[in-house]
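Asks: pasting a predicted model and its sequence here:
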Amino acid sequence: MRGIGIDIGSTATKVAVVEDGELALKLLAPTGFSSVEAAEQAAQRLAEHGIDVQKEQVVATGYGRISVPYASRAVTEITCHAKGAWWLFGQDGVVIDVGGQDTKVLELRKGMLKKFLMNDKCSAGTGKFLEVMANRMGVSQEKLSELAARGEKITISSMCTVFAESEIISLIGRGEPLENIASGVIESVVGKVVALASQIPGDRCFLTGGLCDNAYIVGRLADRMGKPVATRPEARYAGAIGAALAAQR
């Protein structure tokens, strides 16, 4: 049986096709300014792989889940991330998802969601913060991590993204090395994520979302939490995988 999940996030749209217990297809594209357009583009890309969304079971999730007209139903991202994370890792533990606009922390026990927490509406502990700061410094997010690995840790004290951006402009103006600023930016995000995740006890941690390919940030999370943080490339699609599993039902 085949299920299709579409996770329209604030930054990226993820599509997962699960069939016979396998991740048969995964697709990724920027969401852009319109969730409706992102949904249409997802349908077009699926059609290129011979999949007609009008003839399939489709579940939508994420920030733009109500904008998918061909979905049979919409399911919250918390539920889908829990399903997807259990399918990916199959172990009890704490799941950390650093998204574009929010960070979610889930407690998984025997495949069930026991508890979840989200950061406040400020984007200071999210992927958006990294995107804004990298743009201000004129580097990619990958380059930001490369710089941070060579830098000395400084403190970005501002809790608000807008004020933090002004703080970085001041640091650049006074000649602070970019490596140090990059380190401060990443430590700021990691610190906020760890503060949230530490509210849920667990010996194992799993990272999903857009930062799962960033080995430096994964390492910093593990160091700050004092426990291993497991991830895998497919973990970016956890929400879409969970939606696809829901579609199979």
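Replies: Right, received. Where do you want to start?

Asks: list the buried residues in stretch 163-181.
Replies: With burial defined by 16 or more other C-beta atoms under 10 Å, the residues of stretch 163-181 counted as buried are Ala164, Glu165, Glu167, Ile168, Leu171, Glu176, Leu178, Glu179, Asn180, Ile181. All C-beta spots, glycine's among them, are computed from the backbone N, C-alpha and C.

Asks: could you do stretch 221-229 as well?
Replies: For stretch 221-229, a neighbour-count test (16+ other C-beta under 10 Å) marks Leu221, Arg224, Met225, Val229 as buried.

Asks: so how far is it from its chain's centroid?
Replies: Once both centres are worked out by C-alpha atoms, centre = their mean, to the nearest Å, stretch 221-229 turns out to sit 18 Å from its chain's centre.

Asks: could you do stretch 57-72 as well?
Replies: Counting by C-alpha atoms, centre = their mean, stretch 57-72 comes out at 18 Å from the chain centroid.

Asks: ok so, going back, can you list the buried residues of stretch 221-229 in TSV and add distance to Val94 and secondary structure?
Replies: Below are the buried residues of stretch 221-229 laid out as TSV (distance: C-beta to C-beta, whole Å; DSSP: H, G, I helix; E, B strand; the rest coil):
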residue	distance to Val94	secondary structure
Leu221	11	helix
Arg224	14	helix
Met225	9	helix
Val229	9	strand
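
Asks: so which of the residues you listed comes closest to Phe129?
Replies: Phe129 has its nearest neighbour among the buried residues of stretch 221-229 in Leu221, at 14.9 Å by C-beta to C-beta.
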